[in-house]
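In: Curious how this folds, go ahead:
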Amino acid sequence: MINLPKWDQSLINKYNVSGPRYTSYPTALSLQHGYQQNSLIDAIESSSSNSLSLYIHIPFCSQLCYYCGCNKVITRHQSKADLYLDNLAIEIAAQAGHFKHYQVAQLHLGGGTPTFLTASQMARLVGLLEQHFNFTHDAERGIEIDPRSLADGMLNHLHFLGFNRVSFGIQDFNDDVQLAVNRPQSVDDVKALIGQARALGFKSINADMIYGLPLQTPASFKETITQLIELSPDRVSVFNYAHLPERFAAQRKIKDADLPSAHDKLTMFKNTLEQMTDAGYQFIGMDHFAKKDNELAIAQNQGQLHRNFQGYTTHGQCDLLGLGVSSISQIGNAILQNQKELKHYYQAVQQGDGSAICKGVQLTTDDALRAAVIKQLICQFELDIASIEQQFAIEFNDYFNEALAALEPLIADGLVYVSKEKITVTARGNLFIRIICMCFDKYLQQQIKNSRFSRVI
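Out: Residues are numbered from 1 along each chain as shown. Predicted structure coming up:
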């Protein structure tokens with residue numbers, strides 16, 4: 001069982017800095033231009049996996065949420081989704097041929113708002129995927145849902161199409177907060193949808209929340225989490241809102257004066273930790289919670305939890321293929337990304353080989369080693385030194401002498417304990433897991449100069 005986080009305000013004041021979320025190592029900031037379709041083919045040849053996770057990016061939203069930093073297109077024109085599916089069909093056909101020896105164990109639709117698609121458009125997309133890829137009979141099929149814009153009957157339709165997991169973007173239940181971010185929604189509507197999803201038999205019902213939004217207070221967000229717990233989702237993500245109006249134009253509509261103070265934000269997270277753990281949820285790490293009988297919690301307790309661009313997952317053995325605008329793939333020893341802008345994505349897939357890959361990085365042996373260390377720490381809160389030494393044929397203390405030196409202040413403050421056999425993150429330290437991982441990141445100093453990361457808490 002993972003230790004519950006121990007809140008130490010003096011350490012939080014000292015260590016609440018900005019840093020990567022480590023959905024990959026190297027992080028997406030390390031991706032360089034010049035990668036193309038042949039990079040994907042080489043990556044497949046380098047991989048020992050024959051199991052695949054598919055991520056499909058649907059960029060469209062019918063309404064702008066002011067806090068959002070996702071790659072999205074705001075439109076009310078459904079025909080734009082038809083055009084997108086036309087181009088996605090080209091990419092699917094082009095890429096699927098390289099994965100004939102793979103079986104798809106996981107499918108996830110993200111965005112944007114995937115349920116922007118109509119029932120017929122969704123059926124078309126699933127049909128394309130099933131036509132070109134080999135799915136296992138028990139594949140995990142998940143989709144992100146905006147409760148406000150879900151068409152009548154869509155949950156039934158998604159269940160009919162084979163989806164067995166849903167993730168509702170809730171963010172906050174408070175009316176004033178919702179209006180301040182242009183996302184009004186009814187608690188009763190969300191409650192009804194979750195009840196319907198449960199009645200239909202979806203295997204996992206997840207909720208995404210955000211703290212640090214305008215007009216939120218510790219008291220109001222505590223009430224929101226109380227309401228959320230009553231809905232009993234299987235997994236919950238409680239993200240820290242990063243206010244970066246210089247990067248995301250929509251955030252300029254949020255008044256700085258309406259944002260909660262740094263102290264109030266920390267109080268919201270502290271309250272959330274207490275509320276969620278008191279309600280029987282396991283703290284998975286950073287901003288994720290899961291019921292103790294959920295496979296995510298079970299995987300963590302058994303040392304089998306993994307992390308990739310889709311966050312915490314039980315499908316670590318899978319290569320990840322991202323399809324659609326801005327999607328990222330992680331296959332073999334390569335991380336590859338598609339064109340980020342819609343017009344460039346369309347141009348790319350129509351130019352011959354059907355690929356939209358434009359950026360990437362090929363992992364060195366050092367990258368793979370550091371990725372393994374970071375993943376084990378961020379998923380399990382401990383590192384088995386002998387297993388790393390055996391896997392990569394190194395002497396750990398010699399190889400990571402600089403990283404171990406960087407850990408010394410964290411050791412002195414009781415965040416982490418290092419023995420001959422293990423590195424163990426303490427209950428006081430697991431809130432700072434990103435900082436502990438940063439000690440092993442050789443790219444970080446250059447990237448910190450750009451200061452494009454969210455705070456760790």
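
In: Only C-alpha atoms from now on, for both contacts and neighbour counts.
Out: Noted.

In: so where do the strands sit in the stretch 51-200 of the chain?
Out: With DSSP state E, counting those that start in this stretch as the criterion, the stretch 51-200 of the chain has strands at 51-58, 60-61, 73-74, 103-111, 135-145, 165-171.

In: Between these, which one is closest to G19.
Out: strand 165-171 (22.5 Å; Cα to Cα).

In: rewinding a little: compile the strands of the stretch 51-200 of the chain into JSON lines and extend it with columns for distance to P218.
Out: What follows is the strands of the stretch 51-200 of the chain, written out as JSON lines (distance: least, Cα to Cα, whole Å):
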{"stretch": "strand 51-58", "distance to P218": "34"}
{"stretch": "strand 60-61", "distance to P218": "30"}
{"stretch": "strand 73-74", "distance to P218": "31"}
{"stretch": "strand 103-111", "distance to P218": "29"}
{"stretch": "strand 135-145", "distance to P218": "26"}
{"stretch": "strand 165-171", "distance to P218": "15"}
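
In: TSV please, covering the ones you listed and showing mean pLDDT and mean neighbour count.
Out: Below are these laid out as TSV (pLDDT from 0 to 100; neighbours: other Cα atoms under 10 Å):
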stretch	mean pLDDT	mean neighbour count
strand 51-58	97	24
strand 60-61	94	22
strand 73-74	92	16
strand 103-111	96	21
strand 135-145	96	19
strand 165-171	96	21
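
In: Go through these and name the closest to N13.
Out: With Cα to Cα as the yardstick, what comes closest out of the strands of the stretch 51-200 of the chain is strand 165-171 (25.7 Å).

In: packing partners for the closest one?
Out: Counting contacts by 3 or more Cα pairs under 8 Å, 6 or more residues apart in numbering; DSSP states H and E, strand 165-171 packs against strand 135-145, strand 204-211.

In: Just send the ones you listed back as TSV, with distance to T217 too.
Out: Shown next, in TSV, are the helices and strands packed on strand 165-171 (distance: least, Cα to Cα, whole Å):
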stretch	distance to T217
strand 135-145	26
strand 204-211	9
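
In: of all these, which lies closest to F432?
Out: Between these, strand 204-211 lies closest to F432; by Cα to Cα that is 17.7 Å.

In: Now do the following helix or strand past that closest one: everything it contacts.
Out: Toward the C-terminus, strand 204-211 is succeeded by helix 218-231 as the next helix or strand (DSSP states H and E). Residues outside helix 218-231 that contact it (Cα atoms under 8 Å, 6 or more residues apart in numbering) are 172-174, 191, 194, 211, 264-265, 267-268, 271-272, 275-276, 279.

In: Provide the secondary structure category for A242.
Out: coil (DSSP: H, G, I helix; E, B strand; the rest coil).

In: Please report how far it lies from S18.
Out: Relative to S18, A242 is positioned 10 Å away (Cα to Cα, to the nearest Å).

In: now A219
Out: A219 is 26 Å from S18, by Cα to Cα.
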